[in-house]
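> Have a look at this prediction, sequence included:
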Amino acid sequence: MTIVHDPETGIDRNTAIDLYRSMRTIRQFETTAGDLFAAGKLPGFIHLSIGQEAVAAGVCAPLEDSDYITTTHRGHGHCLAKGGRMREMMGELFGREGGYALGRSGSMHIADNSVGILGANAIVGGGIPMAVGGALAAKLTGDGQVSVSFFGDGAAAEGVLHECLNIAALWKLPIVFVCEHNGYAEMTPVSVHLANPDVAALAAVYGIPAVKVNGNDVAAVLAASHKAVARARAGEGPSFIEARTNRWRGHFEGDPQKYRHRDELNVMSQQDPLKMWHATLTSEHGLTRDDLDLIDAEIRDRVLTSAAEAEAMAPSDPAGLTRHVYPEAAR
Amino acid sequence: MTIVHDPETGIDRNTAIDLYRSMRTIRQFETTAGDLFAAGKLPGFIHLSIGQEAVAAGVCAPLEDSDYITTTHRGHGHCLAKGGRMREMMGELFGREGGYALGRSGSMHIADNSVGILGANAIVGGGIPMAVGGALAAKLTGDGQVSVSFFGDGAAAEGVLHECLNIAALWKLPIVFVCEHNGYAEMTPVSVHLANPDVAALAAVYGIPAVKVNGNDVAAVLAASHKAVARARAGEGPSFIEARTNRWRGHFEGDPQKYRHRDELNVMSQQDPLKMWHATLTSEHGLTRDDLDLIDAEIRDRVLTSAAEAEAMAPSDPAGLTRHVYPEAAR
Amino acid sequence: MTALKYWQAINRALHEEMARDDRVLLIGEDVAEPGGPFGASKGLLEAFGAERVRDSPISEAAIVGTALGAAMAGYRPIVEVMFLDFVTVAMDQVVNQAAKVSYMSAGNFAAPMVIRSICASGRRTGPQHSQNLEAWLAHVPGLKVVWGSTPADARGLLKAAIRDDGPVYVIESLAEWSTRGEVPDDDEIVPIGSAAVRREGDDLTLVTWGGAAPRAATAVEQMEDVGVELIDLRTISPWDRDTVLESVRKTGRLLVVHDAVVEFGVGAEIAATVAAECFDELRAPVRRLGAPYAPAPFAPQLEAAYLPQPEDIASAVLETVKTVRKAS
Amino acid sequence: MTALKYWQAINRALHEEMARDDRVLLIGEDVAEPGGPFGASKGLLEAFGAERVRDSPISEAAIVGTALGAAMAGYRPIVEVMFLDFVTVAMDQVVNQAAKVSYMSAGNFAAPMVIRSICASGRRTGPQHSQNLEAWLAHVPGLKVVWGSTPADARGLLKAAIRDDGPVYVIESLAEWSTRGEVPDDDEIVPIGSAAVRREGDDLTLVTWGGAAPRAATAVEQMEDVGVELIDLRTISPWDRDTVLESVRKTGRLLVVHDAVVEFGVGAEIAATVAAECFDELRAPVRRLGAPYAPAPFAPQLEAAYLPQPEDIASAVLETVKTVRKAS
Ligand SMILES: Cc1ncc(C[n+]2csc(CCOP(=O)(O)OP(=O)(O)O)c2C)c(N)n1
Ligand SMILES: Cc1ncc(C[n+]2csc(CCOP(=O)(O)OP(=O)(O)O)c2C)c(N)n1
Ligand SMILES: [Mg+2]
Ligand SMILES: [Mg+2]
């Protein structure tokens, strides 16, 4: 989905619907994954991005397949918004031969060369340099490609982010840093892990244009992304977006969340990016509740079908266990 | 040397002389080490701090033996200013059994528990966390100790500095970060390695009081250090000092410095911290050129004697090669 | 003796040692208020306060170095690097700094500190959360490395590590987290450097540790006609050469089983040492069983194929025992 | 053939490969304008421009990862991590990221990149600048590790590494920096995974590489009555098992010599493999010679005692050849 969005003229109807579909797809994917996990069908840990859909949808909207992203352990939404195939993603969560990586990598390592997903990453901060490398490649190739790195507020405490900000600024690379600030690093609130919760300021100090946006408002995210991506494509260098948002679920599924205040969930549900955008679509773009119910149902169907197909895939075949340790063919 | 310095009333005569002696000692030590290296008497690499003496002398002046420092590959000056014993230092440079570490560690690893030198360090940025740990210990003990970490402008690009700034600010630790900004990381000028050469700004973003001082003006350095150390002792948390100074020599002795502009050395010699302070001592503190010549001669003598003694020490004994791999006795 | 889960045994060791010595500190991500990412530090904040038990930012290099500096200044910090895989962002502080401080200062400083990490091998956590990296750590002079496979050893080794005057890397098995075992009630430590002979036997010496140890025990339990001497190394560096060599001198056969990749793993050191030292006593070639040369996979059936299972271990035992030296 | 110094051979390889393939990039501290901290990248900036030859900040983790991202996006970057000791600040990017990309994406991505580091062992650079860490790297599935000990091999292996489709770690010996040797004039590469038999012999197989190789060669040159087969491994992972095993099957004796600490070093893998595979052919216990269990010391006489010298190697050869298996 490539959206040319002009903040002056606002978001047109089709774009608005696309954004809704993108967010709804993520919400549904995550909800279904959560259900499957609760049912004991998904091995390992999974980390859901429910509540954070607007960041993924808004940031990825202006991106082409040839643009790059890197993301984190909480990366399903970004991968979906960037065009990752749902069925292969589900297959990977299940640990099936039909998954993106033959089931060998799991939820935290979705990658897809065909749509520029350099990879989700299970090391906090670990994917950021890779995105810088994507941006360097883009700059050298000179076709106006852009690289985007998603990471959390917790990653702002990893030194490697700061190294990358410095390099991106020095080399004027076409990269957009996107901090999904959801107020927690696992069970630790931001007040305990960041001396300055104003993450955008950490980037601004390198001379990188850095904005803070309401990460629950997909239009605000899109506006910021649009500007940052345009700047990158024009060869003007890096940008930074701090998107304030909410992690509705525990750090991982199964996290009892004892560390959370009771009313946090109430506050969050009032900031539901889906509900908010639903309201905009009906009030400003002339869609009816029924129109949107239809979209919801269609997406629900698509996700559940993908999940069912994935579940039905053959389990990963141990015979292939040691393939691809070295790349198999010259590229 | 512990100096109580009140910036309101200025620097008294004794303090002024002590600062001169401290700087002169460093200059002489480094010059002698350079000569010994040129004569082929010192093995390995050595990195001299000629031109940067005011930072070491000024920062360390308000410190007690019980305070901690960590420093870098270019750390002779800091160790001397903190009370490191010249003879053992020279012994270490020579690689002698009488050196601080029995000759096993060399110029880049001077450490002395008795005067709080947690260690020089050959890994850029590697010593900074150790100083944070010293500060944490100081805070827990509650005796008003302070920890100081010296590092260069090059280290500002290592992520670990940023991690440490965040932690020090979060935990309100009694630490003073001192960046000796000499404009180079080895042969690479700061414009090529830092997007924002204003290193103090990198610390300020964490809410750490950060000042930039003329690192060639020992009075200015002392004023900044005095304030930062007092703040730390009072339990008010970390400070940051960026001291702009000059590295007169190559990165290491033997560096042909082809990357340097011809007139750089001229500019630097006009900013000689020793000459500048010499002028202040004669114009403001009533010392004569002869008084200072006498001090110079005395120090020269002391350094040359140490060097001669070190050279005469027995070579390191290979029989002890594997001692202290594990600590030998409970502490 | 009390029956405790593995994580409870760790928790108890932390409580006991922090109560015994007020220089002991705990620093790590989620260790204080949340009581540890998997519960191992429950109750410590409440018992010992926020000065001694500290939640840290996600800054592994800085917190390991902070622990080191505090250790050099007289404290005895424990720093948690959550998963063993994450030590990759803190290797400088572990290897170049903590491990070398005593040596580089010729004993003028010591670094009495503990680094704790979980190894999550076997828990379907995928290629960046399941690595068995003990071989790297063991190759570092000055760093001790321990890994208890039972609740009692997890507690006893952690206590010993905290009391050690140098840096000790303590690995803990997430796969055993809820396994119960008898834990002594007294203040007993498990000395660093001493292996446990879990079972005696005359035909083959099976050396293992950490995550593989319970699977090796399962394999051996079922074997009736082969006399397997099962040694749980417990300390990987410095490893208990005497116990292993003495056993192989008796059995004439060695099988090392670990979860790490075979190539350049800890098994190589043990096999090479035994091959050299027991040259005349060996009745069969030294043998190593471990993961194949590949990153750790995620899917259950892949991970099961990747890690040595009781059946694999049993076959390796049987094959090794069958081998006889050709007449020379 | 042309006689070139070791560093000139590296420089030539870089020039040749950057001219051959414009996807090849060079990134590192002091590599562009200054021409490399020790001259190895002289002239590259002038020849290939500032886009392809880049001076970086002191940010090893970020630059290794940057190289990786560029590799995944179709370039073939060479990234210089100046001294091997500094890989400790970039281990995550090397091990968790670059080495696993092909596997974790099931071949959807590859990481055709080279990481170059100097090992300064033997040059009196002290405990944090002299480590031989090849064992760590070799233990990482997906990462190849090479180390040429002669100008020709340094060039040929670097060329092969640049052309490899996966990540290759190239170690270079600072101690050999100015050693001259004949270097082929054509475009020859030294294939990864193939050892060089430097000298043939029937009595003992001496396996070595990197910094120790020249000292081993010196030791062997002087030995007249013992037939030493001298093998320079050149590639540490994947190592040339066939050449080594075949040799030991002939000689019946193995001595591995390296500059790394013996314990858990690469020698353990080779000795353990040989002990297992050549069980019946071995006439003497496998033997390893390396640095003692201590950080690398600074003072010349200490460093000389620390690293295996020609005399030490010669004695080990003689002692091993004397050994005979007891009648069993
Ligand atoms: C280097 C490293 N340290 C610690 C972890 C464990 N860990 C996984 S997610 C996480 C918290 C990340 O917080 P944040 O970056 O804010 O992302 P969020 O989970 O909120 O999306 C931690 C500490 C890790 N995976 N990698
Ligand atoms: C982690 C690491 N990377 C690279 C080096 C090599 N190196 C030694 S000193 C230096 C430059 C340091 O510059 P700066 O911090 O400004 O200190 P200065 O030499 O100017 O005092 C470099 C790159 C190192 N020692 N450690
Ligand atoms: Mg977060
Ligand atoms: Mg500098």
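Noted; the coordinates are in hand. Numbering: from 1, shown residues only, chains lettered A, B, ... in the order given. Ligands and ions are numbered 1, 2, ... in the order given.
> And the strands in the stretch 151-300 of chain C, which stretches?
C:168-173, C:180-183, C:196-199, C:204-208, C:228-232, C:235-237, C:254-261, C:287-291 (DSSP state E, counting those that start in this stretch).
> Oops, could you answer that again for chain A instead?
For chain A, the strands defined by DSSP state E cover A:68-70, A:117-119, A:147-152, A:175-181, A:184-185, A:188-189, A:210-214, A:239-244.
> how many neighbours does C:Tyr6 have?
Neighbours of C:Tyr6 under the rule other C-beta atoms under 10 Å in any protein chain shown: 27. (Each C-beta comes from the backbone N, C-alpha and C, glycine too.)
> For it, give me its contacts.
By C-beta atoms under 8 Å, 6 or more residues apart in numbering or on different chains, the residues touching C:Tyr6 are C:Thr150, C:Pro151, C:Ala154, C:Glu172, C:Ser173, C:Glu176, C:Trp177, C:Ser178, C:Thr179, C:Arg180, C:Gly181.
> in terms of contact, does the last one touch C:Trp7 like I think?
No - taking C-beta atoms under 8 Å as the definition, C:Gly181 is not a contact partner of C:Trp7, at 11.5 Å.
> and stretch C:289-308, which residues are buried?
By neighbour count on 16 or more other C-beta atoms under 10 Å in any protein chain shown, the buried set for stretch C:289-308 is C:289-291, C:293-303, C:305-308.
> and whichever residue of the stretch 201-331 of chain A sits closest to ligand 3, what is it in contact with?
Closest residue of the stretch 201-331 of chain A to ligand 3, C-beta to the ion: A:Arg247 (6.4 Å). By C-beta under 8 Å, 6+ apart, the contact list for A:Arg247 reads A:Ser49, A:Ile50, A:Gly51, A:Gln52, A:Arg74, A:Asn182, A:Gly183, A:Tyr184.
> Could you rerun that using 7 Å?
The contact partners of A:Arg247, by C-beta atoms under 7 Å, 6 or more residues apart in numbering or on different chains, come to A:Gly51, A:Gln52, A:Asn182, A:Tyr184.
> near ligand 3 too, which of the residues you listed?
Restricting the contacts of A:Arg247 to those near ligand 3 by C-beta under 5 Å from the ion leaves A:Asn182, A:Tyr184.
> Most neighbours out of the contacts of A:Arg247, which is it?
Most surrounded of these: other C-beta under 10 Å gives A:Gln52, at 29 neighbours.
> Skip the chain neighbours and tell me the closest residue to that one.
Nearest non-adjacent residue to A:Gln52, counting by C-beta to C-beta, 6 or more residues apart in numbering or on different chains: A:Thr245, 4.7 Å away.
> Quick one: neighbours of the one you found, just the number.
26.
> How about A:Val148?
A:Val148 has 31 neighbours, counted by other C-beta under 10 Å.
> Tell me the pLDDT of it.
Looking at A:Val148, its pLDDT is 99.
> same thing with A:His5?
A:His5 carries a pLDDT value of 49.
> and if you look at the one 5 residues further on?
pLDDT for A:Gly10: 82.
> what's the answer for A:Leu265, then?
Value for A:Leu265, per-residue pLDDT: 87.
> OK, contacts around the residue lying closest to it once chain neighbours are set aside?
Nearest-residue entry for A:Leu265: A:Trp248, 7.2 Å, with adjacent residues in sequence omitted and distances by C-beta to C-beta, 6+ apart. By C-beta under 7 Å, 6+ apart, the contact list for A:Trp248 reads A:Ile50, A:Gly51, A:Met268.
> who's in contact with the last one?
If I follow you right, that is A:Met268. Contacts of A:Met268 (C-beta under 7 Å, 6+ apart): A:Gly51, A:Asn246, A:Trp248.
> Which residue is the nearest non-sequential neighbour of it?
A:Asn246 (4.2 Å).
> Wait, that neighbour touches A:Asn182, no?
Yes - A:Asn246 is in contact with A:Asn182 according to C-beta atoms under 7 Å; the separation is 5.8 Å.
> Show me the helices in the chain, by range?
Looking at chain A here, since you left the chain open. For chain A, the helices defined by DSSP state H occupy A:13-38, A:53-60, A:76-81, A:86-94, A:128-141, A:159-170, A:190-193, A:199-204, A:218-233, A:264-269, A:273-284, A:289-312.
> wrong one, I was asking about chain C
Secondary structure of chain C (DSSP H): helices at C:6-20, C:44-52, C:60-72, C:91, C:101-104, C:134-138, C:151-163, C:212-221, C:241-251, C:266-277, C:300-306, C:310-322.
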